[in-house]
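[1] Return atomic coordinates for the entry below.
(one chain, ligands or ions: 2)
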Amino acid sequence: MSTLPETAEFDCQSCGACCAYSAEWPRFSLEPDEALALIPEKFVSADLSGMACENDRCLALAGELGKHVACTIYEVRPDVCRACMPGDPECLMARSFHGMTGERG
Ligand code: SF4
Ligand code: SF4
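    Ligands and ions are numbered 1, 2, ... in the order given. As a prediction, the model looks like this:
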């Protein structure tokens, strides 16, 4: 039986839309320096304000969007990434942008 909340109707591991929506999204906020230090430098933006992106896709995202993806720094990802919940307005916006349906799958 699933223990996920009702809003968790999407499978993030076959999505990744919110990790490839805007370079403005995976920004650092209130993380302590020790937490940010755990993120490999190659994934941090030149101005140190957030995750480095290419064409609005976070460099730490591996895999193929909409098929199978993974955050390669999942354990040490920024707070904003932890706050994003499947089914929330940002999720739906990102999925819609990438042509993914609002339905499961
Ligand atoms: S857009 Fe939504 S479903 Fe897709 S990875 Fe982000 S939170 Fe998960
Ligand atoms: S750090 Fe991970 S969860 Fe956050 S945007 Fe990048 S790939 Fe997505």
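[2] CA only for contacts and neighbour counts going forward, please
    Noted.
[3] what residues are up against the nearest residue to Ser22 once chain neighbours are set aside?
    Using C-alpha to C-alpha, 6 or more residues apart in numbering and skipping residues adjacent in sequence, the residue nearest Ser22 is Asp56, 4.5 Å away. Residues near Asp56 by C-alpha atoms under 8 Å, 6 or more residues apart in numbering: Ala20, Tyr21, Ser22, Ala23, Glu24.
[4] go again using 7 Å as the cut-off
    Asp56 makes contacts with Ala20, Tyr21, Ser22, Ala23, as judged by C-alpha atoms under 7 Å, 6 or more residues apart in numbering.
[5] Tell me the buried residues within those.
    Listed as buried from the contacts of Asp56 are Ala20, Tyr21, Ser22, Ala23; burial here means 16 or more other C-alpha atoms under 10 Å.
[6] Quick one: mark the members of those residues that sit in helices.
    Among the buried ones among the contacts of Asp56, no member falls in helices (DSSP state H).
[7] now those residues in JSON lines, with distance to Pro40?
    JSON lines is the format used below for the buried ones among the contacts of Asp56 (distance: C-alpha to C-alpha, whole Å):
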{"residue": "Ala20", "distance to Pro40": "19"}
{"residue": "Tyr21", "distance to Pro40": "21"}
{"residue": "Ser22", "distance to Pro40": "20"}
{"residue": "Ala23", "distance to Pro40": "17"}
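[8] Out of those residues, flag the one nearest to Gly63.
    Ala20 (11.6 Å; C-alpha to C-alpha).
[9] Now do the closest one, the pLDDT please.
    Ala20 is assigned 98 on the pLDDT scale.
[10] Then the one 5 residues further on?
    Looking at Trp25, its pLDDT is 97.
[11] need the contact list for it.
    Contact partners of Trp25, counting by C-alpha under 7 Å, 6+ apart, are absent.
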